[in-house]
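J.: Quick one: sequence and predicted model below, then my questions.
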Amino acid sequence: MFSVPFLTTLTNHLGTTAIDDASDSLSCLISAFLFIIAAILTSAKTYVGSAMECWVPQTYSGAWGEFAENYCFLKDTYWYPVKEEMIKATDNHKELHRLSYYQWSSMYMAMAGIAFMIPKFLWKMAQSYTDMPLIYFCDTANTIRTETAEKRQEKVKEMATFMHVKLTSVHAPSYFPTIPMYIVYGIIKVLYLAIACVQFCFLAYFLGQKNDLFWGWTLFWNLLNGVTWETTGLFPRLTFCDFTVREMAGNNREETIQCVIGINEFNEKIFLFLWFWLVFLIFSTLIAHIYNAIQFSKSYFINSLLHSTRKNDPSINKALFQQFEKEYLTNDGKLILSFVKSQSDLVAQEVAVEMFQDFLKTNSTRIRIHDIAEKDLENGVDNVEDTIAVSV
């Protein structure tokens, strides 16, 4: 099967994992892939084919013609309406209709593709600096989800115990407190959205449409109605280039030649597609992040995992449940359970129930120790520890 080695390696390195949701895949994998593919296509046309051809005077030799084309390709050109009578263009007109993107289109797309990978690298780096093996919980849940209840129960207890140990160690007081994982995860999510918005705005600036962020819709509507670049000036194929011919004895003369930018035939379709993709990416990422934030901030997520436990045990009141959620499980625990749930609803529910049962045991033991100690101190009991051990 045909494959591009660079893209294959990149895909393997940035391939989605169990802790990446659909919106993450759209940004760090699919968007990066699309921009890099577009960069490869445009660079092949620009640097391998003939990106620009110029109509030079007959007095020019072959070498002069090649020089003029190379110079005009490196130097910015300007567009003039085809249907208007050609007159000497003013400096203001040249500045307003300057084209300076076709030389850099492939490089821009490659850099944009790399920019979409930044949150993925930061997220991996953040996990490496913390002692929270998120992949372990997801991989284990994916492995045991098809096992029998007896085999699965042992692993569930192991996951619950391991998760509690990690949550306790991470949130333990220290001289160098670490940032909670859920805050880092939230920052990464915001960064995904911020990069998409910046790319959307910078794309208009790069193409010289900084006053019209919705140039893509304008171009699409024009194409549907048969309005071409000859009228709008969007991705013009025919441009003009000015340069000075320096001769001996100071006899310099100004030359203006017409050039055909063939690469703009491809740029028009590619950039139009990328504009619509960025619009789709921004809205889908925003909706996904809002939905996840609402689910994460409310108690609905944990309620859904512990619904059967709370329903069968009326002694579990709201205050006890909130204590488990905030003090025992914490937001990092909720985040881990959400990753586990993405692999298996059943395993996530069983791990949550196991942790909740452990919380109830720990909480009831703490209450009984406190009550016995208070009572025995009041009665003057000397060996309080023995009494507590016998009661427990």
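T.: Everything's here; your move. Numbers count the residues shown, from 1 in each chain.

J.: does G208 count as helix, strand or coil?
T.: Assigned by DSSP: H, G, I helix; E, B strand; the rest coil, the conformation of G208 is coil.

J.: Could you do the one 4 residues further on as well?
T.: Here D212 is coil, with the state taken from three-state DSSP.

J.: wait, it sits on A204?
T.: Yes - if you go by Cβ atoms under 8 Å, D212 and A204 touch, sitting 6.7 Å apart. The C-beta positions use only the backbone N, C-alpha and C, and glycine is treated the same way.

J.: which one of these two has more residues nearby?
T.: Neighbour tally, D212 and A204, criterion other Cβ atoms under 10 Å: the higher count belongs to A204, 17 against 14.

J.: I'd like the next helix or strand past the helix or strand where the more buried one lies.
T.: Using DSSP states H and E, A204 maps to helix 181-206. Using DSSP H and E, the helix or strand that follows helix 181-206 in sequence is helix 215-224.

J.: and the one helix or strand T285 maps to, how far out from the chain's middle?
T.: Taking DSSP H and E as the definition, one finds T285 inside helix 263-297. Helix 263-297 sits 10 Å away from the centroid of its parent chain (Cα atoms, centre = their mean, to the nearest Å).

J.: by contact count, what packs against it?
T.: Packing partners of helix 263-297 (3 or more Cβ pairs under 8 Å, 6 or more residues apart in numbering; DSSP states H and E): helix 22-24, helix 32-43, helix 105-115, helix 181-206, helix 215-224, helix 330-343.

J.: just for the stretch 101-250 of the chain, where's the confidence low?
T.: 131, 170-178, 247-250 (pLDDT under 70).

J.: Please repeat the previous calculation with a cut-off of 80.
T.: Judged by pLDDT under 80, the stretch 101-250 of the chain has its weakly predicted residues at 127-133, 169-180, 230-231, 244-250.

J.: picking that back up, could you dump the helices and strands packed on helix 263-297 to a markdown table with distance to S297?
T.: Output for these, formatted as a markdown table (distance: least, Cβ to Cβ, whole Å):
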| stretch | distance to S297 |
| --- | --- |
| helix 22-24 | 17 |
| helix 32-43 | 30 |
| helix 105-115 | 29 |
| helix 181-206 | 11 |
| helix 215-224 | 35 |
| helix 330-343 | 9 |
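
J.: Pull out the buried positions in the helix holding T285.
T.: Under the neighbour-count criterion of 16 or more other Cβ atoms under 10 Å, helix 263-297 has 263-264, 266-268, 270-272, 274-275, 277-278, 281, 285, 288-289, 292, 296 buried.

J.: pLDDT on it, on average?
T.: Per-region confidence: helix 263-297 scores 89 on mean pLDDT.

J.: Then stretch 321-339?
T.: Stretch 321-339 shows an average pLDDT of 86 in the prediction.

J.: Offset the numbering so it begins at 49, please.
T.: With the count now opening at 49, the last piece we talked about shows up as stretch 369-387.

J.: Straight-line length of that stretch, end to end?
T.: One end of stretch 369-387 sits 21 Å from the other (Cα to Cα, to the nearest Å).

J.: quick one, what contacts the closest residue to T191 other than its chain neighbours?
T.: Setting aside the residues directly before and after it, T191 is nearest to K203 in space (Cβ to Cβ, 6 or more residues apart in numbering), at 8.0 Å. If you count contacts by Cβ atoms under 8 Å, 6 or more residues apart in numbering, K203 has them with T188, T191, I192, E195.

J.: taking those residues one by one, which sit in helices?
T.: T188, T191, I192 (DSSP state H).

J.: Okay, the second one and L77: tell me how far apart.
T.: T191 is 24 Å from L77, where distance means Cβ to Cβ, to the nearest Å.

J.: Only the buried residues of stretch 108-117, if you could.
T.: Y108, G113, A116, E117.

J.: which residue ranges form the strands in the stretch 99-248 of the chain?
T.: 100-103, 125-126, 146-147 (DSSP state E, counting those that start in this stretch).

J.: Make JSON lines from those strands and add distance to T280, mean pLDDT and mean neighbour count to it.
T.: Converted to JSON lines, these look like this (distance: least, Cβ to Cβ, whole Å; pLDDT from 0 to 100; neighbours: other Cβ atoms under 10 Å):
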{"stretch": "strand 100-103", "distance to T280": "21", "mean pLDDT": "80", "mean neighbour count": "18"}
{"stretch": "strand 125-126", "distance to T280": "15", "mean pLDDT": "86", "mean neighbour count": "22"}
{"stretch": "strand 146-147", "distance to T280": "13", "mean pLDDT": "84", "mean neighbour count": "18"}
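
J.: wait, which of the ones you listed is closest to I227?
T.: Nearest to I227, of all the strands of the stretch 99-248 of the chain, is strand 146-147, at 45.9 Å by Cβ to Cβ.

J.: Name the strands paired with the closest one and say parallel or antiparallel.
T.: Its sheet considered, strand 146-147 pairs with strand 125-126 (antiparallel) by DSSP bridges.

J.: ok, residues contacting the strand it pairs with?
T.: Contacts for strand 125-126 (Cβ under 8 Å, 6+ apart): A137, H141, K142, H145, R146, L147, T287, F288, C289, C307, I309.

J.: so of the residues you listed, which ones are in helices?
T.: Among the contacts of strand 125-126, the members falling in helices (DSSP H) are H141, K142.

J.: just the buried members of the contacts of strand 125-126?
T.: The neighbour count (16+ other Cβ under 10 Å) marks A137, K142, H145, L147, T287, F288, C289, C307, I309 as buried among the contacts of strand 125-126.

J.: List the beta-bridge partners for the last one.
T.: This means I309. M100.

J.: so it touches Y150, yeah?
T.: Yes - counting by Cβ under 8 Å, I309 does reach Y150; the two are 5.5 Å apart.

J.: quick revisit: among the contacts of strand 125-126, which pair sits farthest apart?
T.: Spatially, the most separated pair among these is H141 and I309, at 18.1 Å (Cβ to Cβ).
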